[in-house]
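In: have a look; sequence and predicted model below, questions after that.
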Amino acid sequence: GAGVSQSPRYKVAKRGQDVALRCDPISGHVSLFWYQQALGQGPEFLTYFQNEAQLDKSGLPSDRFFAERPEGSVSTLKIQRTQQEDSAVYLCASSLILGPDTQYFGPGTRLTVL
Amino acid sequence: DQQVKQNSPSLSVQEGRISILNCDYTNSMFDYFLWYKKYPAEGPTFLISISSIKDKNEDGRFTVFLNKSAKHLSLHIVPSQPGDSAVYFCAENSGGYQKVTFGTGTKLQVIP
């Protein structure tokens, strides 16, 4: 069975480069979340989609971060002009129904900014 | 200001014994408390939850206790198994669309 997949799994970027991280949620899942997990920390909420609508982007740390889900399925998290503090694991989660225990997480993309 | 705190970054337990992982929270408005388990290079996996109106929830070897007066949450694993070795995150949810606030995690090592 297909779970949440993310690509690439690892990304190394030079400071100032733009990066795009992809999330393929479980088919049919309405809700999609992005989290950022810094080293030694727990995941922190970035943004939430319900279908194609971005209902909450309060966790995005700066205007360099942008997320989209144009067709209500695949989502892309874009980071412009990457900085060293952007280095983290970026996790995507999806869920079918409302409920705090129904989020399925992908394996994450580890971003390293040099 | 962190709303969910896990003060023990690591814990080692002998196989067969009880593992107790602790969590403190500051916001009394959360509806649900959750525990997630995370293996290296994988995303977190939901383990067990408890509603704020309850004080205990049990699922097999896993039991979560909620002490609202102390704003304290704990996860008990009995008996502990080597496969339980992972990082455990305490988390909170305030209902609505499921936004989850995570603690910093406790790395559990179960020694065979």
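Out: Perfect, thanks for sending it. Every value quoted in this text rests on a predicted model; they were computed, and no experiment measured them.
In: relative to chain B, how far out is A:Tyr104?
Out: To chain B, A:Tyr104 is 8 Å away according to C-beta to the nearest C-beta, to the nearest Å. Placement of C-beta: from N, CA and C, glycine included.
In: and that residue, what pLDDT?
Out: Model confidence at A:Tyr104, given as pLDDT, is 91.
In: list the contacts of it.
Out: By C-beta atoms under 8 Å, 6 or more residues apart in numbering or on different chains, A:Tyr104 lies in contact with A:3-4, A:26, A:29, A:93-95, B:43.
In: among the residues you listed, which are located in strands?
Out: Those of the contacts of A:Tyr104 mapping onto strands are A:93-95, per DSSP state E.
In: so the most centrally placed residue in chain A is in which element?
Out: By C-alpha atoms, centre = their mean, chain A has its centre lying nearest to A:Trp34, at 3.4 Å. Using DSSP states H and E, the element containing A:Trp34 is strand A:31-37.
In: tell me if that strand is near chain B.
Out: Yes - applying C-beta under 8 Å from any C-beta of the partner chain, one finds strand A:31-37 in contact with chain B at A:31, A:33, A:35.
In: which of these sits closest to chain B?
Out: Distance to chain B across the residues of strand A:31-37 next to chain B (C-beta to the nearest C-beta) is lowest for A:Ser31, with 6.6 Å.
In: quick one: that closest one and A:Cys92 touch, right?
Out: No - using C-beta atoms under 8 Å as the test, A:Ser31 is too far from A:Cys92 to be in contact (11.2 Å).
In: which one of those two has more residues nearby?
Out: For A:Ser31 versus A:Cys92, neighbours defined as other C-beta atoms under 10 Å in any protein chain shown are more numerous around A:Cys92 (28 against 21).
In: contact residues of chain A facing chain B?
Out: Within chain A, the positions near chain B by C-beta under 8 Å from any C-beta are A:4, A:31, A:33, A:35, A:40-45, A:48, A:50, A:55-56, A:91, A:93, A:95, A:98-108.
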